[in-house]
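Peer 1: Show me how the following folds:
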Amino acid sequence: MSVTIRPYRRGGWEVDIRVVAPDGTREFRERKRAPVSSRSAAVRWAESRERVLFERLMKPPQDNAPPKEVPTLREFASRFLDGHARANRQKPSGIAAKEMILRVHLVPALGHKKLNAIKSEDVQHLKGRLSTKAAKTVNNILTVLNVLLKKAVDWDVIDRMPCAITLLPVPKTSMSFYDFDEYERLVSAASALDATAHLIVLLGGEAGLRCGEMIALEWRDVDLGKRQICVQRSDWNGQVTTPKGGRLRYVPLTIRLAAAFRDHRHLRSPNVLCQDDGQPLTRQMVQYRVLRASRRAKLSRDGVHILRHTFCSHLAMRGAPPRAIQELAGHRELGMTQRYMHLSPAALDRAIRLLDQPLAVQSFGDILETGRVSEGKING
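Peer 2: From the prediction side, this is the model:
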């Protein structure tokens, strides 16, 4: 028996448990993220889980019991969605993504196979079928398959993971954003279209809001006295949930974003962005306005999310600290923010300037050797 604890790539701790029968004929292996935050708690949780697996392994076989009927992936798919994604109240967009991955990719490729018959070679064949897809897309599909099979193990549908699933390496790409001149052209073009398009561009480029957060923003979230907005909900196809990351954030307003709110003020709806009849805007409507503005500004790129990248990039380029950018953008992890920090020439320049500063005292090693500098001078 063995238990390995290692840092999980998205925070927390991953436990890798291997339990082998005394005669070596059977074994269980389980690798998952521990549902606790500290390493010591993860160790305790893994040890208790190890005991559960060992008891299951040592349970004598029931010769007279009928063999366990293992469902196919197609048969298990709806149970997985209901018992995992919906039961855990995952975001509607996440549930829809899993439904699409199962319907379009996993069920056509592996739906006819029983869960315990999905082998590592089948996973490699699936990767081959997805050879035209981006590595990140392939990894999203493989992750759903991996979670589905792990849930089947947790729910005693199958005894163990039937295959190994290895994700593809994903190259780190730079974030696409508008430079300062391009962004100003886009703001001017949006202003010439209408007040709604102007406000959408400013909400993305000067407050960092995602498309769903713009649609769900209500007037009660806007405090023009304090000159800030509270981002506390997001809309996905009419379903309102918490923002990505699960927590609200406060974003101060720039001068022209505050002015745009005042100019856009209306009583048609509690939503800031709405149609003439008071109905909320849809994602397609928001995207269309940004597309029209970008074409009017003669920009080669368009999309609401580029505005969010522009917000983070401009903050980094003007020397904002990474932690401040993380809070303003609502990034769950600082690693997301670090993708923009190569754009911060001020921070890099300050680091290099340290090499230009003269040394005040000798190196510590020299001081120890010569003994000619008193402790008081070292501390001074």
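Peer 1: how's the protein carved up into domains?
Peer 2: Structurally, the chain divides into domains by automatic domain parsing as follows: 2-58, 73-154, 180-343.
Peer 1: and the nearest residue to Gly212 once chain neighbours are set aside, how many neighbours?
Peer 2: Distances taken as C-beta to C-beta, 6 or more residues apart in numbering put Ser234 closest to Gly212, at 3.8 Å, once the chain neighbours are dropped. From N, CA and C alone the C-beta is placed, and that goes for glycine too. Counted with other C-beta atoms under 10 Å, the neighbours of Ser234 add up to 24.
Peer 1: hey, what's Ser234 bridged with?
Peer 2: Applying DSSP bridges to Ser234 yields these beta-bridge partners: Thr241.
Peer 1: show me the contacts for it.
Peer 2: Neighbour list for Ser234: 210, 212-213, 215-216, 240-244 [criterion: C-beta atoms under 8 Å, 6 or more residues apart in numbering].
Peer 1: Pro171 is nearest to which of the domains of the chain?
Peer 2: Evaluated over those, closeness to Pro171 peaks at domain 73-154, with 7.5 Å, by C-beta to C-beta.
Peer 1: mind listing the helices in the stretch 251-380 of the chain by residue range?
Peer 2: Ranges of helices in the stretch 251-380 of the chain, per DSSP state H, counting those that start in this stretch, are 255-264, 283-296, 304-317, 322-329, 334-338, 345-353, 364-370, 375-379.
Peer 1: In a markdown table, list the ones you listed along with mean neighbour count.
Peer 2: Converted to a markdown table, the helices of the stretch 251-380 of the chain look like this (neighbours: other C-beta atoms under 10 Å):
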| stretch | mean neighbour count |
| --- | --- |
| helix 255-264 | 16 |
| helix 283-296 | 17 |
| helix 304-317 | 22 |
| helix 322-329 | 17 |
| helix 334-338 | 15 |
| helix 345-353 | 11 |
| helix 364-370 | 11 |
| helix 375-379 | 9 |
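Peer 1: and Leu186, which of these is closest to it?
Peer 2: Closest approach to Leu186 among the helices of the stretch 251-380 of the chain is made by helix 283-296 (5.7 Å; C-beta to C-beta).
Peer 1: And for the closest one, what's in contact with it?
Peer 2: 186, 189-190, 192-194, 196-197, 200-201, 204, 211-212, 214-215, 237, 273, 275, 301-304, 307.
Peer 1: what does stretch 124-140 give?
Peer 2: Here stretch 124-140 makes contact (C-beta under 8 Å, 6+ apart) with 97, 101, 105-106, 109-110, 141-142, 145, 167-171.
Peer 1: List the buried residues of it.
Peer 2: 126-127, 130, 138-140 (16 or more other C-beta atoms under 10 Å).
Peer 1: Endpoints of that stretch, how far apart?
Peer 2: One end of stretch 124-140 to the other measures 15 Å (C-alpha to C-alpha, to the nearest Å).
Peer 1: Arg44: how many residues sit nearby?
Peer 2: Per other C-beta under 10 Å, the neighbour tally for Arg44 reads 13.
Peer 1: could I get whichever strand or helix holds it in PDB with only the CA atoms?
Peer 2: Taking DSSP states H and E as the criterion, Arg44 maps to helix 39-58. The C-alpha coordinates for helix 39-58 follow below in PDB (Å, rounded to 0.1, in the frame of the first residue of the first chain):
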ATOM      1  CA  ARG A  39      -1.300  19.200   3.400                       C
ATOM      2  CA  SER A  40      -1.700  17.600   6.800                       C
ATOM      3  CA  ALA A  41      -5.500  17.300   6.300                       C
ATOM      4  CA  ALA A  42      -4.900  15.900   2.900                       C
ATOM      5  CA  VAL A  43      -2.600  13.200   4.400                       C
ATOM      6  CA  ARG A  44      -5.300  12.300   7.000                       C
ATOM      7  CA  TRP A  45      -8.000  12.200   4.300                       C
ATOM      8  CA  ALA A  46      -5.800  10.000   2.000                       C
ATOM      9  CA  GLU A  47      -5.100   7.600   4.900                       C
ATOM     10  CA  SER A  48      -8.800   7.200   5.700                       C
ATOM     11  CA  ARG A  49      -9.500   6.700   2.000                       C
ATOM     12  CA  GLU A  50      -6.800   4.100   1.800                       C
ATOM     13  CA  ARG A  51      -8.500   2.100   4.600                       C
ATOM     14  CA  VAL A  52     -11.800   2.200   2.700                       C
ATOM     15  CA  LEU A  53     -10.100   0.900  -0.500                       C
ATOM     16  CA  PHE A  54      -8.300  -1.800   1.400                       C
ATOM     17  CA  GLU A  55     -11.500  -3.000   3.000                       C
ATOM     18  CA  ARG A  56     -13.200  -3.100  -0.400                       C
ATOM     19  CA  LEU A  57     -10.200  -5.000  -1.800                       C
ATOM     20  CA  MET A  58     -10.300  -7.600   1.000                       C
END
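Peer 1: For that helix, which helices and strands make contact with it?
Peer 2: When contacts are defined as 3 or more C-beta pairs under 8 Å, 6 or more residues apart in numbering; DSSP states H and E, helix 39-58 sits against strand 2-7, strand 13-20, strand 27-33.
Peer 1: quick one: Thr242 and Glu99, what's the gap?
Peer 2: 21 Å (C-beta to C-beta, to the nearest Å).
Peer 1: Just the closest of the buried residues of stretch 124-140 to Ile5, please.
Peer 2: Ile5 has its nearest neighbour among these in Asn139, at 24.0 Å by C-beta to C-beta.
Peer 1: in which helix or strand would I find the closest one?
Peer 2: Under the criterion DSSP H and E, the helix or strand holding Asn139 is helix 135-154.
Peer 1: got the contact list for the closest residue to Ala117 other than its chain neighbours?
Peer 2: For Ala117, ignoring the flanking residues on the chain, the nearest one in space by C-beta to C-beta, 6+ apart is Pro162 at 6.9 Å. Taking C-beta under 8 Å, 6+ apart as the contact definition, Pro162 lies against 115-119, 149.
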